[in-house]
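From the sequence below, what's the structure:
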Amino acid sequence: MKLTKENYVEHAEKVMKEICSDKNGKNIVTTSKIRNILSMVSEIYNEARRLTKETLDSEMISKIQYLKMHVAYDAGRENSVRSFVEKAGIFQAIDGIGRSRENLIVFCHYMEALVAYRKYLGGKDEN
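Presented below is the predicted three-dimensional model:
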């Protein structure tokens, strides 16, 4: 699914409902673990908002690639994060940014929506 301004919230809600419905609870990612990823995303988002061009420069592309690598590392360390990354399509969403400032902003909003729905759907951080 391609994230757009019109569908990112709906998609985040659907993903988090699926994740939070895990009956054994082993693969339910905690809100704090998602927020660790979101903190990196927020830094990139703040920079993107200040950009005047619609095309991302190589420095921003490099930061996005670093984010992707960091997400891969976190997913490799913890099964709940891996499950979250796979079900939320984080790698595909990052790849879908390309060089577009607008796509980057939509991705950042999607990450915020994932955190919001995780918290809304019972964001206990006891795992």
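
CA only for contacts and neighbour counts going forward, please
Will do.

now the residue nearest the centre of the chain, nearest residue through space, not along the chain?
Central residue of the chain (Cα atoms, centre = their mean): residue 111, 3.6 Å from the mean position. Here the nearest residue to residue 111 in space, its sequence neighbours aside, is residue 38; by Cα to Cα, 6 or more residues apart in numbering that works out to 6.4 Å.

from what I can see that neighbour touches residue 110, true?
No - contact criterion Cα atoms under 8 Å: residue 38 and residue 110 do not qualify, at 10.0 Å.

When the two are compared, which one has more neighbours?
Ranked by neighbour count (other Cα atoms under 10 Å), residue 38 and residue 110 place residue 110 first, with 26 against 21.

For this protein, which segments count as helices?
Ranges of helices in the chain, per DSSP state H, are 8-20, 31-50, 58-77, 79-88, 90-95, 101-120.

My read is that residue 55 contacts residue 100, right?
Yes - in this structure residue 55 lies within contact range of residue 100 using Cα under 8 Å: 5.1 Å.

Comparing the two, which shows the higher neighbour count?
residue 100 (16 against 13).

That one contacts residue 57, correct?
No - here residue 100 does not reach residue 57: they are 9.6 Å apart, not a contact under Cα under 8 Å.

Find residues that contact each of the two.
Counting by Cα atoms under 8 Å, 6 or more residues apart in numbering, residue 100 and residue 57 have no common neighbour.

Any regions of this protein where pLDDT drops low?
23-27, 123-127 (pLDDT under 70).

picking that back up, need the winner for burial among the helices of the chain.
Sort the helices of the chain by mean neighbour count, taking mean count of other Cα atoms under 10 Å, and helix 101-120 sits at the top with a mean of 21.

how far out from the middle of the chain is it?
On the basis of Cα atoms, centre = their mean, to the nearest Å, helix 101-120 sits 6 Å off its chain's mean C-alpha point.

Fine by me, thanks again.
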